[in-house]
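Visitor: Sharing a sequence plus its predicted fold:
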Amino acid sequence: MADTSEARGARTWNATHLPDLTGRTAVVTGANSGIGLAAARALAGAGAHVVFAVRDLARGGAAAARVSGITEVRRLDLADLDSVREFAAGWDRPLDLLINNAGVMMLPEQRTAQGFEMQFGTNHLGHFALTNLLLPHVTDRVVTVSSGAHRMGGKVIHFDDVNLRGGYGPTRAYAQSKLANLLFTLELQRRLTEAGSGVRAFAAHPGYAATNLQSHTANPLARALMAVGNRFLAQDDKAGALPTLYAATQDLPGAAYVGPDGPAEMRGAPTLVGRSAAASDPVAARRLWTLSEELTGVGWKLAAAPR
């Protein structure tokens, strides 16, 4: 049977396939731009109450004002654990969806408020702390945005030097943070299952999506190349948000990883995708969890279900 465009279209999942989310609440970190804003817009359009968790309240408010549906804006700076704790302390109601979307990419060497390498501190440690602090309120799932870049750099977590003081490189640091996102999801799901919780943890990656994230990379040549790629090769932020939306709403096995179905997972409709051997290592996942608890001072908050 010929693979007609109509047949292909019938298999293509997009935001029009979202279920009715009326009555559900979602927190989306970094919802003021890029795939975070696209995801927030789609969730609100499907009826969800969407909380824009953003560092800049003015920018977050301006973004939320352009979204139809029920929204609110709360301040969250993932590069400052005091801000993470403040956000979590102010949360007092059930939370259906926590979408750990915010991130920084290939920056010049910088430090968070607590002195961690900025990409590891923001992309992983900030979301690690936020998730654990909010977990007693979460009723359905946690979706963490990773990247195909988890296969790049050293392809490992540098446990003896996670802040990369002994050899910082923008790509190396970004790759480590995205690998950490996947290992975090793996260990989070293991702990949820062990606790008898019905909450599920997923990861997603957008493929190659044109957002403003690439404009902050440290290397001028890389910025120029990415600008060309954004214009001629990348999919837009709406398409880039589809794996996140798929993971947030579809019935998937715990710890599933969602990305585009096209060549090299760069673009296309969302589907389950594979991850590197390093991102599938349960020993490394547990070791990272223990280290993250030590660095953030935030531990496992979910009590085991009675047997």
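Guide: In hand now; what should we look at?
Visitor: most residues in a single helix of the chain, which one?
Guide: The single longest helix within the chain, with elements called by DSSP state H, is helix 170-194.
Visitor: which parts of that helix are buried?
Guide: Along helix 170-194, the positions that meet the burial threshold by neighbour count (16 or more other CB atoms under 10 Å) are 170-192. (Each C-beta comes from the backbone N, C-alpha and C, glycine too.)
Visitor: From S276, how far out is the nearest residue to A264 once chain neighbours are set aside?
Guide: Once flanking residues are discounted, A264 sits nearest to G148: 7.8 Å by CB to CB, 6 or more residues apart in numbering. In this structure, G148 lies at 10 Å from S276, with CB to CB, to the nearest Å as the measure.
Visitor: for H150, same thing?
Guide: Counting by CB to CB, the separation of H150 from S276 is 6 Å.
Visitor: Mutual contacts of those two, please.
Guide: Taking CB atoms under 8 Å, 6 or more residues apart in numbering as the contact rule, H150 and S276 both touch L179.
Visitor: where exactly do the helices run in this structure?
Guide: Per DSSP H, the chain carries helices over the ranges 5-10, 34-45, 57-65, 81-89, 118-119, 127-134, 170-194, 220-232, 237-240, 242-249, 282-296.
Visitor: what residues does the last one touch?
Guide: In this structure, residues lying in contact with helix 282-296 by CB under 8 Å, 6+ apart are 81, 116, 124-125, 128-129, 156-157, 159, 162, 180, 183-184, 186-187, 190-191, 278, 299-300.
Visitor: Let's see that with 7 Å instead.
Guide: 81, 116, 125, 128-129, 157, 159, 162, 180, 183-184, 186-187, 278, 299 (CB atoms under 7 Å, 6 or more residues apart in numbering).
Visitor: That one versus helix 170-194: what angle between them?
Guide: Counting by axes from the mean of the first three to the mean of the last three CA atoms, to 10 degrees, helix 282-296 lies at 100 degrees to helix 170-194.
Visitor: what bridges to the residue nearest in space to the middle of the chain?
Guide: What sits nearest the mean C-alpha location of the chain, by CA atoms, centre = their mean, is V145, with 2.3 Å. Each beta-bridge partner of V145 is listed here: A204, as defined by DSSP bridges.
Visitor: So, low pLDDT: which residues of this structure?
Guide: Across the chain, the ranges flagged by pLDDT under 70 are 1-11, 210-234, 304-307.
Visitor: redo that, cut-off 50
Guide: Under the criterion of pLDDT under 50, the regions of the chain flagged as low confidence span 1-10, 214-216, 221, 224, 227-232.
Visitor: follow-up on the earlier one: isn't the residue nearest to A264 right next to A204, touching?
Guide: No - distance between G148 and A204: 11.3 Å, which falls outside the contact criterion (CB atoms under 7 Å).
Visitor: Which of the two has more residues huddled nearby?
Guide: In terms of neighbours (other CB atoms under 10 Å), A204 is the more surrounded of G148 and A204; the figures are 32 against 20.
Visitor: Now do the same contact list for the more buried one.
Guide: Residues counted as contacts of A204 (CB under 7 Å, 6+ apart) are V143, V145, P243, T244, A247, V258, G259.
Visitor: Burial check on the first one, number of neighbours?
Guide: Here the number of neighbours of V143 (other CB under 10 Å) works out to 28.
Visitor: Might one say that it is in contact with A248?
Guide: Yes - V143 lies in contact with A248 (CB under 7 Å); the separation is 5.1 Å.
Visitor: Show me which positions of stretch 283-290 end up buried.
Guide: Neighbour counts using 16+ other CB under 10 Å place A284, A285, L288, W289 of stretch 283-290 among the buried residues.
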